[in-house]
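Asks: One predicted model, sequence on top.
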Amino acid sequence: MRNSKNMIKDSLDRQIDPSEAVEIHVPDVIPEIQIIEPHELHVGKNPDYRRKTQRDIWDSQYRLPDTYGSTEIVLMVRDPYWVYAYWEIADDIPRAVTAALGPEGLRTFRKALRVHDVTDIEFDGSNSHKYISIDVHDNADNWYINVERPNRSYCAELGFINKEGAFVCLSKSNTVRTPRAGVSEIVDTEWMTISEIEKYCPFHSGAPASPEIISQIAERMHLDAGSEFMGKGPKQNRRANPYK
Amino acid sequence: MGEEKGYLALILHAHLPYIRHPEHPDFFEETWLYEAITETYVPLVKVFNSLVNDGIKFRITMSFTPPLISMLRDSLLKERYLRHIERLIKLAEQETERTRSLPEFNENAKMYLEKFREAKRVFRDEYKCNLIAAFSSLQDKGYLEIITSPATHGYLPLMEISPVAVKAQVKIAADYHKQVFHRKSRGFWFAECGFNPGDDKLLKQEGMRYFILDAHGVLFASPQPRYGVFAPIYCESGVAAFGRDIESSKQVWSAREGYPGDYDYREFYRDIGYDLDYNYIKPYIHSSGIRTGTGIKYYRITGKTHDKQIYNRDRALRKAKIHAGNFMFNREKQIEYLASVMDRKPIVVAPYDAELFGHWWFEGPEWLNYLIRKVTHDQNVFKLITPGDYLDIYQSNQVSTPSLSSWGYKGYNEVWLEGSNDWIYRHLHKAAKRMEELAKAYPNSEGIRRRALNQAARELLLAQSSDWAFIMKTKTVVPYAVRRTKEHISRFTELYEDIRNESINEARLSEIEYRNNIFPEIDYNVYTGA
């Protein structure tokens, strides 16, 4: 954004007619597709894989259970490149599972997640576009998963995996869709009138948004906690204040 | 005088989490409400009323969340506010005495005394302790458009696993809004602008026509929005999404580049609660003896220094006027340009937290006052509008699906889903699932079971407030947020088990009802999903 804001501010300090200080940021270029790369959005590896137990959390008279006695896995979206899974496994692992694990049983199998890309398909357990397997620590009950591609659908399986890669599924999660990290590649325009009497014709010139605006958004979404915008702004002030 | 070329939609989002502790006579977190009344809500009412009295026509959108409305309507909290403001007036009186020989400080002490007396007068005498009526009447007279927000400011994208719980957040809010304001909400403010594609359908079911998103929620919509954020798009449901304008947001939000960081403005962090002699200030801080802010602050931001200079009200107000002029001028240029490249009148959507005005940015209400007056008298490039009015003018809009997004740091769900707060979701989701199970198992119950089911719904809703996860993330009053989460989930679980075991304890239920009395008219049947 160059120095436009500072310029405005300096001018104000000098109490000059605001008209001299103005700079307009509305660009006139057709937006280009801007993709935010994962390495820009997140630094480092899996940001949080450690197990957190309820015991770590400040407690007065109320205590929440560590588990609810079921076997299930739930997926949640964090952003275009990361989903979050939490799970629990009941003590009584079904007979079918122990049978599938074979005579060596749980001893040779480790807990694992399989995260499937199920974009635009009805997932039946074996038809995903691709999947990744993640070994999770035996005590872990949640995991942040880097899914690489935005705007895709994912489903996770919780199960056991052995050295040869054989996977036995205990529970299948819900399916989630990650958001876009940039402008849509689709430009067809369809119009709707709420009265549904008339329809507008599509237009073909560019939208009044530009790479500059898009890059501002990107900047905002990338900046570390030290950034001045949305960083030390009023919302952040709450950090030092018990206000909200 | 030509016709206007475009529109500015100022949107003030007013919200505080539901904090009410009848069991404790002086509960620290309750003061957030009292401060907001004195510093934000009353000053806004006064600004709006002064504009009305001067014959100025304006249109502003405000969202009031159900927890905030519930607190503003609660008789215990009203009583406590009066006690609080009395105490502040006493302190300010004492300060005018103490600073008698320090004219600059004395000026400020008098200003606070005047402000506090005014707050009391407006709150108690003018509106009979009913500030909601003040805003409601401004809506009835055509100045405000008041919209609702999820029932307890639940962050809906992270509730996706339980569609019934999402629906309940929307429906309970819509019903409550109608009950309070005697009309349906035309729009919806998603908590933290957190939107999950498809949630628009729930708004449609409640007769709402629009919602607000952060810029990228609209810019990343598919297909590409033809006008960027300067015109709404329709979801397939026919509900419109408006996107926040980045430039106007930044001018007001950003502490360094934006107006609120100006060196002439009042410094938020230097409060006499921390600065003055302990024994002198002790009766006015928290009863535990811990130093807390009082609201009396004598310094201006001054610069990047600890050596703060004394606040000069006239100088600060002059700056607020200049900033209002600058904001207006930038919007004029922006809208002139947009109008030249668009085949319709652009709308610039500028949403802010209401509590920024007055509480954080002390001069914010005056800035707003100057801005609205200037926009009315000094230019004719644009007019103030509400999103609802814009849709009345432009009924035909591009169809496009907005992106999952929020206005939180990094733009998606991370603020509410990260290492400090991710542990809450397995409990929240389980409780939501159990609530649905209960509603389906015992639909249309009567008597004590109905009461228990309704209270279970209240506990679930209160646990779902996005504020708890936010506090955990921002590390402010973490133990409180953790306690609230655990408390509501535990109470919910207790009720769930009692209902399931058909062993509801009436005395215990009454006690819980008394403590957490939000949504007196709630109907748990919403959780059947029907």
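Replies: Great, that's in hand.
Asks: Just give the nearest non-adjacent residue to B:Lys57, would you?
Replies: Distances taken as Cβ to Cβ, 6 or more residues apart in numbering or on different chains place B:Thr376 nearest to B:Lys57, at 7.1 Å, with adjacent residues excluded. In this view, the C-beta of every residue, glycine as well, is placed from N, C-alpha and C.
Asks: hang on, the one you found in a helix?
Replies: Yes - counting by DSSP: H, G, I helix; E, B strand; the rest coil, B:Thr376 falls inside a helix.
Asks: what's it in contact with, if anything?
Replies: Going by Cβ atoms under 8 Å, 6 or more residues apart in numbering or on different chains, B:Thr376 touches B:Ile56, B:Lys57, B:Phe58.
Asks: gap between it and chain A?
Replies: B:Thr376 sits at a distance of 18 Å from chain A (criterion: Cβ to the nearest Cβ, to the nearest Å).
Asks: same thing with B:Lys178?
Replies: B:Lys178 sits 21 Å away from chain A, going by Cβ to the nearest Cβ.
Asks: just how off-centre is the helix or strand harbouring that residue within its chain?
Replies: Element membership for B:Lys178, per DSSP states H and E: helix B:163-181. Here helix B:163-181 is found 17 Å from its chain centre; the criterion is Cα atoms, centre = their mean, to the nearest Å.
Asks: ok so, going back, now restrict the contacts of B:Thr376 to buried residues only.
Replies: Buried members of these, counted by 16 or more other Cβ atoms under 10 Å in any protein chain shown: B:Ile56, B:Phe58.
Asks: and A:Ile73, what does it touch?
Replies: Neighbour list for A:Ile73: A:Ala85, A:Tyr86, A:Trp87, A:Leu113, A:Ala156, A:Glu157, A:Leu158, A:Ser171, A:Lys172, A:Ser173 [criterion: Cβ under 8 Å, 6+ apart].
Asks: what about the third one, how many residues close to it?
Replies: A:Trp87 is flanked by 24 other residues according to other Cβ atoms under 10 Å in any protein chain shown.
Asks: Spit out the contact partners of it.
Replies: By Cβ under 8 Å, 6+ apart, the contact set of A:Trp87 is A:Glu72, A:Ile73, A:Val74, A:Asp141, A:Asn142, A:Leu158, A:Ser171.
Asks: Show me those that map onto strands.
Replies: Counting by DSSP state E, the part of those found in strands is A:Glu72, A:Ile73, A:Val74, A:Asn142, A:Leu158, A:Ser171.
Asks: okay if I get those residues as a markdown table plus distance to B:Val122 and pLDDT?
Replies: Below are the ones in strands among the contacts of A:Trp87 laid out as a markdown table (distance: Cβ to Cβ, whole Å; pLDDT from 0 to 100):
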| residue | distance to B:Val122 | pLDDT |
| --- | --- | --- |
| A:Glu72 | 53 | 96 |
| A:Ile73 | 54 | 98 |
| A:Val74 | 48 | 98 |
| A:Asn142 | 49 | 97 |
| A:Leu158 | 57 | 96 |
| A:Ser171 | 57 | 95 |
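Asks: Can you name the two of those residues that sit furthest apart?
Replies: For the ones in strands among the contacts of A:Trp87, the farthest-apart pair by Cβ to Cβ is A:Asn142 and A:Ser171; their separation is 14.3 Å.
Asks: Have a look at those two and say which one is more surrounded.
Replies: For the pair A:Asn142 and A:Ser171, the greater number of neighbours falls to A:Asn142 (23 against 17), based on other Cβ under 10 Å.
Asks: And the helices in the stretch 301-450 of chain B?
Replies: Under the criterion DSSP state H, counting those that start in this stretch, the stretch 301-450 of chain B carries helices at the ranges B:313-341, B:364-377, B:387-393, B:424-441, B:447-463.
Asks: need the helices for chain A, in chain order.
Replies: Counting by DSSP state H, chain A has helices at residues A:4-13, A:18-21, A:38-41, A:95-101, A:211-222, A:234-237.
Asks: Please list all residues in contact with A:Val115.
Replies: The contact partners of A:Val115, by Cβ under 8 Å, 6+ apart, come to A:Val83, A:Ala85, A:Tyr131, A:Ile132, A:Ile134, A:Ile145, A:Val147, A:Tyr154, A:Cys155, A:Ala156, A:Glu157.
Asks: ok, what's across the strand from it?
Replies: Listed beta-bridge partners, A:Val115: A:Ile132, A:Ala156 (assigned using DSSP bridges).
Asks: Phi first, then psi, for the closest residue in space to A:Pro150 that isn't next to it in sequence.
Replies: Nearest residue to A:Pro150, sequence neighbours excluded (Cβ to Cβ, 6+ apart): A:Pro80, at 3.4 Å. The phi/psi pair for A:Pro80 (degrees, to the nearest 10) reads phi -60, psi -20.
Asks: shouldn't A:Pro80 be in contact with B:Glu414?
Replies: No - applying Cβ atoms under 8 Å as the test, A:Pro80 and B:Glu414 come out as separate, 10.8 Å apart.
Asks: Comparing the two, which residue is more hemmed in?
Replies: Neighbours were counted for A:Pro80 and for B:Glu414 using other Cβ under 10 Å; A:Pro80 has more, 26 against 20.
Asks: Can you tell me how far the more buried one is from B:Gly187?
Replies: Note on A:Pro80: its distance to B:Gly187, by Cβ to Cβ, to the nearest Å, is 27 Å.
Asks: Over to A:Val176?
Replies: Noted for A:Val176: a distance of 27 Å to B:Gly187, by Cβ to Cβ.
Asks: Looking at the residue of chain B most remote from its centre now. What's its pLDDT?
Replies: Ranked by distance from the centre of chain B (Cα atoms, centre = their mean), the top residue is B:Ser101, with 40.4 Å. B:Ser101 carries a pLDDT value of 97.
Asks: Ok, B:Arg87 next?
Replies: Looking at B:Arg87, its pLDDT is 96.
Asks: burial count for it?
Replies: 15.
Asks: which stretches of chain B have low pLDDT?
Replies: Where chain B drops to pLDDT under 70, the residues are B:1, B:255.
Asks: how about the strands of it, start to end?
Replies: Using DSSP E, the strands found in chain B span residues B:6-14, B:60-64, B:144-147, B:187-188, B:210-213, B:233-234, B:240-243, B:347-353, B:382-384, B:396-399.
Asks: If you count contacts, what does the third one end up packed against?
Replies: Applying 3 or more Cβ pairs under 8 Å, 6 or more residues apart in numbering or on different chains; DSSP states H and E, one finds that strand B:144-147 contacts strand B:60-64, helix B:131-140, helix B:163-181, strand B:187-188, helix B:387-393.
Asks: Partner strands of that strand and their direction?
Replies: If you go by DSSP bridges, strand B:144-147 pairs up with strand B:60-64 (parallel).
Asks: quick one on the thing from earlier: scan the contacts of A:Ile73 and report the most crowded one.
Replies: A:Ala156 (28 neighbours).
Asks: returning to that earlier point: would you turn the helices and strands packed on strand B:144-147 into JSON lines with mean neighbour count?
Replies: Output for those, formatted as JSON lines (neighbours: other Cβ atoms under 10 Å in any protein chain shown):
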{"stretch": "strand B:60-64", "mean neighbour count": "25"}
{"stretch": "helix B:131-140", "mean neighbour count": "19"}
{"stretch": "helix B:163-181", "mean neighbour count": "22"}
{"stretch": "strand B:187-188", "mean neighbour count": "26"}
{"stretch": "helix B:387-393", "mean neighbour count": "18"}
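Asks: B:Thr294: which of the ones you listed is closest?
Replies: helix B:131-140 (21.5 Å).
Asks: Okay, angle between the closest one and helix B:163-181 too, please.
Replies: Interaxial angle, helix B:131-140 versus helix B:163-181 (axes from the mean of the first three to the mean of the last three Cα atoms, to 10 degrees): 80 degrees.
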